[in-house]
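Generate coordinates for the sequence data below:
(chains A and B)
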Amino acid sequence: QKEVEQDPGPLSVPEGAIVSLNCTYSNSAFQYFMWYRQYSRKGPELLMYTYSSGNKEDGRFTAQVDKSSKYISLFIRDSQPSDSATYLCATPSGGYNKLIFGAGTRLAVHP
Amino acid sequence: GAVVSQHPSRVICKSGTSVKIECRSLDFQATTMFWYRQFPKKSLMLMATSNEGSKATYEQGVEKDKFLINHASLTLSTLTVTSAHPEDSSFYICSARAVGEYGYTFGSGTRLTVV
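Model prediction:
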């Protein structure tokens, strides 16, 4: 079992839709979680991080963590074609806090 | 915010030659940097953890002699792909985390093509 599981998609939605991206993790010792967005042939850029259970909102993005079920989500409201990218969940682990990534979900928002 | 600069953005080299990729933290010091490899439509695969002033820590299955990592200063780590072969063609990305920051900052990546 992978430490962080994420459905690779692809996910295709119309412009304006609410998008829900999800990951599950297996190790209850993981303490905080990040969501990255990666455009094709670019490095990942940090969207949000969350430390505790609950919701964290930033503009059109909401990150949600449920530590009891080991489930993390990213919601995108009023999705735009510019949101088309791969979204990766990640959590630091180990002595050097190396990031463990999910598989990444490819999202396409069509006009 | 923290910025990581990676150079070159793309490189084409002949089989058997070596290629060096640089990763610089521009506005913070990074005692630890990470090197990833990414295949098309796949997630990032950690290759090694680069530690300033000491040897890098490689992930299982990564050839230390092929992927040489040097972290000689608090703002610079380099990855050298030695005796490159076509199967080394890939997208290489570095990252680092500034002290006090939760998030890790990534470079823009280097696309290596070995012909």
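
give the contact list for residue 75.
Defaulting to chain A. By CB atoms under 8 Å, 6 or more residues apart in numbering or on different chains, the contact set of A:F75 is A:I18, A:V19, A:S20, A:L21, A:F61, A:T62, A:A63, A:Q64. All C-beta atoms are positioned from the backbone trio N, CA, C, and that covers glycine.

my bad, chain B
Residues near B:T75 by CB under 8 Å, 6+ apart: B:R24, B:S25, B:L26, B:Q29, B:A30.

Please report phi then psi for A:I76.
Torsion angles at A:I76 (phi, psi; degrees, to the nearest 10) stand at phi -120, psi 120.

Setting aside sequence neighbours, what's the nearest residue to it?
Residue nearest to A:I76 in three dimensions, not counting chain neighbours: A:V19, with 4.1 Å by CB to CB, 6 or more residues apart in numbering or on different chains.

ok, the one you found - how many residues close by?
Neighbour count for A:V19, taken as other CB atoms under 10 Å in any protein chain shown: 19.

follow-up on the earlier one: so of the contacts of A:F75, which ones are in strands?
Judged by DSSP state E, strands contain the following of the contacts of A:F75: A:V19, A:S20, A:L21, A:F61, A:T62, A:A63, A:Q64.

what about stretch A:36-46, how long is it end to end?
Stretch A:36-46 has an end-to-end distance of 5 Å (CA to CA, to the nearest Å).

what residues does chain B put near chain A?
Contacts of chain B with chain A, taken as CB under 8 Å from any CB of the partner chain, map to B:4, B:6, B:32, B:34, B:41-44, B:46, B:49, B:51, B:57, B:91, B:93, B:95, B:97, B:102-109, B:111.

Go through those and flag which are in strands.
Here DSSP E is the test, and the residues of chain B next to chain A give B:4, B:6, B:32, B:34, B:44, B:46, B:49, B:51, B:57, B:91, B:93, B:95, B:105-106, B:111 as lying in strands.
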